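Trainee: take this sequence and fold it.
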Amino acid sequence: MVEILKKLTRGVTELGLKLDDNQLDQLVELQVQLMKWTKTFNLTAITEENEVLKLHLLDSLAIVPHWLEKGFNKTLDVGTGAGFPGLPLAIALPEQQFHLLDSNSKKIRFIRQQIHQLGLTNVEAFHSRVQQHEIQDYDCIVSRAFASIADMVEMTQPLLANEGRWMAMKADYSEQEKNELPAWTQQANAHQLNVPGLNAQRCLIELARRND
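Mentor: Residues are numbered from 1 along each chain as shown. From the prediction side, this is the model:
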């Protein structure tokens with residue numbers, strides 16, 4: 001755990017984030033528990049310690065500056081899997097609220113256990129398909145592993161507040177994906193992400209409803 005903490009601290013510093021010792025400890029414990037649970041429940045295909053740190057924790061934390069900039073109040077992480085990016089966001093941004101949604105009961109059980117174990121008061125987990133989720137007026141909907149951006153916005157558009165933002169984490173963003181977007185959406189921004197230690201392209205696509 002000491003080595004994980006050192007590497008995590010370096011990565012957090014590279015991202016320009018200011019996290020206190022308790023937040024860093026929570027993130028380390030989250031990684032430890034994810035690796036422990038994965039041995040039994042196969043929560044993630046990523047099992048090597050350094051890869052879990054880069055591809056789950058630091059990858060999720062790389063988008064925190066955009067949440068700070070936007071000042072979102074309530075975010076829905078749709079298709080959260082084992083809780084990414086939602087759990088690291090909730091740890092890093094204790095003043096904001098996060099709802100984590102997934103249809104996989106094992107992964108939601110893991111998330112609920114971490115919420116309890118880490119003492120998180122700003123995050124809830126929902127075991128449901130997107131179509132059955134009834135809470136609305138989110139000012140942000142984020143996804144890291146949804147099938148496509150077009151599917152993401154189509155399926156979640158009833159849940160997003162009028163002035164809200166979709167934030168889609170992608171390895172790349174092709175012209176084909178842009179062309180498949182519904183006519184009632186528009187790209188507000190495309191943010192390049194630099195994940196410490198990860199030699200791969202990452203981006204955050206910000207979308208909004210058209211107002212013309």
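Trainee: tell me how far the closest residue to residue 170 other than its chain neighbours lies from residue 101.
Mentor: The shortest distance from residue 170 to any non-neighbouring residue, by CB to CB, 6 or more residues apart in numbering, is to residue 203 (5.4 Å). In this view, the C-beta of every residue, glycine as well, is placed from N, C-alpha and C. Separation of residue 203 from residue 101 (CB to CB, to the nearest Å): 23 Å.
Trainee: please say which of those two ends up with more neighbours.
Mentor: residue 101 (25 against 15; other CB atoms under 10 Å).
Trainee: surely that one and residue 135 touch.
Mentor: No: the pair residue 101 / residue 135 is not scored as a contact, 9.2 Å apart, by CB atoms under 8 Å.
Trainee: can you list residues touching both of those two?
Mentor: Taking CB atoms under 8 Å, 6 or more residues apart in numbering as the criterion, residue 101 and residue 135 both touch 76, 126.
Trainee: residue 164 sits in which helix or strand?
Mentor: Taking DSSP states H and E as the criterion, residue 164 maps to strand 160-170.
Trainee: buried residues in that strand, which are they?
Mentor: 160, 164, 165, 166, 167, 168, 169, 170 (16 or more other CB atoms under 10 Å).
Trainee: looks to me like residue 44 is in a helix.
Mentor: No: Residue 44 sits outside any helix when classified using DSSP: H, G, I helix; E, B strand; the rest coil, being coil.
Trainee: mind checking which helix or strand of this protein has the lowest mean pLDDT?
Mentor: Lowest on mean pLDDT, DSSP states H and E among the helices and strands of the chain sits helix 175-180, with a mean of 88.
Trainee: please point out which parts of that helix sit buried.
Mentor: For helix 175-180, the buried set under the neighbour-count rule, 16+ other CB under 10 Å, is empty.
Trainee: may I see the buried residues of strand 160-170 arranged in TSV, with pLDDT and distance to residue 19 as well?
Mentor: Shown next, in TSV, are the buried residues of strand 160-170 (pLDDT from 0 to 100; distance: CB to CB, whole Å):
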residue	pLDDT	distance to residue 19
160	98	28
164	97	26
165	97	24
166	98	26
167	98	20
168	97	25
169	96	20
170	93	25
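Trainee: quick one: those as a markdown table, columns for distance to residue 196 too.
Mentor: Output for the buried residues of strand 160-170, formatted as a markdown table (distance: CB to CB, whole Å):
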| residue | distance to residue 196 |
| --- | --- |
| 160 | 31 |
| 164 | 29 |
| 165 | 25 |
| 166 | 25 |
| 167 | 20 |
| 168 | 21 |
| 169 | 16 |
| 170 | 18 |
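Trainee: show me the contacts for residue 125.
Mentor: The contact partners of residue 125, by CB under 8 Å, 6+ apart, come to 80, 83, 99, 100, 101, 102, 108, 111, 112, 115.
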